[in-house]
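Colleague: sequence and predicted structure, then a few things I'm wondering about:
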Amino acid sequence: MEPFIIESQDPTTAWLASLGQPVASRLLAWEQTQADQLLADVFGYHAVQLGWPELQALRQNRMPHRWQACAEFEWPGAAPAGFNPDVWLDSRSWPWQADSLDLVVLPHTLERSADPHACLREVERVLIPEGQLLITGLNPMSAWGWRQTRGGQRRILSNTAQPLIGYRRMRDWLRLLGFEVQVSRFGGWTPALATEAWMHRWRWMETVGERWWPIFGGVYLLLATKRVPAGRLLPAKAWRTVRSPAVATAPVARSDTLVSRPLTEKDRIDLR
């Protein structure tokens with residue numbers, strides 16, 4: 001994550017108010033850098049971003065059709081000035097047909113969705129086989145996540161009842177839906193301090209945290225690919241080596257089978 005970022009004069013969005021402006025600026029800068037690096041060479045035709053409106057995750061992507069979607073109920077007041085999304089939708093019901101999108105980006109979407117499981121199922125439905133999915137989320141095992149949930153107050157989720165989703169749980173959800181995680185990264189080990197000066201003094205924790213306790217970063221990122229199992233055509237030679245159960249021999253009862261019985265006196269005389 002960037003060691004030093006000039007503090008912005010714009011007010012922090014409501015959902016990041018408890019973390020403070022310095023952390024919000026670092027969070028946006030880190031996710032923007034990661035998205036630019038990872039999505040620049042993802043090819044296809046259709047890409048959709050649903051989530052944090054201030055993050056322009058698709059700005060470096062070269063797909064001809066890129067949409068910025070927004071869910072008003074889940075992101076009230078979080079859109080920057082002049083933000084005009086291409087699509088308004090409910091995260092639990094996407095308007096695209098099955099197997100129609102090549103790339104989906106969900107920046108902090110699942111942790112604010114009314115039903116994150118339904119949202120992920122919709123993403124799996126609309127993505128084509130081998131389609132890409134990028135997810136970012138606040139880590140509940142970090143100092144940032146602890147600050148959001150301490151005292152039982154889910155400050156980041158002021159309009160929903162969903163807790164923060166952990167990194168390992170997110171990987172399990174993706175695996176159950178048939179996704180294969182290709183890239184996983186963490187960022188943000190500096191404590192959430194109120195001023196930029198104090199954040200700058202503690203910047204050494206970024207290097208130490210990335211080296212010694214990466215899973216305790218304040219934010220995590222996952223890039224996954226949708227895998228669809230398919231059949232495999234065997235060559236002709238391999239087919240000939242496979243025995244068919246139809247030609248297997250089966251035991252047949254015979255009528256001329258000798259039945260053993262005790263020898264009589266007549267049989268002993270005949271044998272002599």
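Modeller: Cool, got the structure. Numbering: from 1, shown residues only.
Colleague: where in the stretch 51-200 of the chain is pLDDT low?
Modeller: Counting by pLDDT under 70, the low-confidence segments of the stretch 51-200 of the chain come to 72-73, 75-82, 147-162, 194, 198.
Colleague: hmm, try it at 90
Modeller: Screening the stretch 51-200 of the chain residue by residue with the criterion pLDDT under 90, one finds the ranges 51-54, 70-91, 111-114, 140-164, 187-200.
Colleague: hey, where'd the helices end up in it?
Modeller: When secondary structure is read from DSSP state H, counting those that start in this stretch, the stretch 51-200 of the chain shows helices at 116-126, 143-149, 167-176, 196-201.
Colleague: using CSV, lay out those together with distance to Val208 and mean neighbour count.
Modeller: Backbone N, C-alpha and C define where each C-beta goes, glycine included. Rendered in CSV, the data for the helices of the stretch 51-200 of the chain read as follows (distance: least, Cβ to Cβ, whole Å; neighbours: other Cβ atoms under 10 Å):
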stretch, distance to Val208, mean neighbour count
helix 116-126, 32, 19
helix 143-149, 13, 20
helix 167-176, 19, 15
helix 196-201, 14, 15
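Colleague: what's the nearest residue to Gln132 if we skip its chain neighbours?
Modeller: Leu103 (4.9 Å; Cβ to Cβ, 6 or more residues apart in numbering).
Colleague: circling back: for Phe186, find the nearest of the helices of the stretch 51-200 of the chain.
Modeller: Ranking the helices of the stretch 51-200 of the chain by their distance to Phe186 (criterion: Cβ to Cβ) puts helix 167-176 first, at 7.9 Å.
Colleague: which other helices and strands does that closest one contact?
Modeller: helix 116-126, strand 127-138, strand 179-187, strand 219-226 (3 or more Cβ pairs under 8 Å, 6 or more residues apart in numbering; DSSP states H and E).
Colleague: first-to-last residue distance for stretch 186-195?
Modeller: By Cα to Cα, to the nearest Å, the extent of stretch 186-195 from end to end equals 23 Å.
Colleague: identify each buried residue in that stretch, please.
Modeller: Of the residues in stretch 186-195, those buried by neighbour count under the rule 16 or more other Cβ atoms under 10 Å are 186-190, 192-193.
Colleague: if we take the residues you listed, which one ends up nearest to Leu27?
Modeller: Nearest member of these to Leu27, counting by Cβ to Cβ, is Gly188, at 6.6 Å.
Colleague: wait, doesn't that closest one sit right on Gly218?
Modeller: Yes - under the criterion of Cβ atoms under 8 Å, Gly188 lies in contact with Gly218, with a separation of 3.1 Å.
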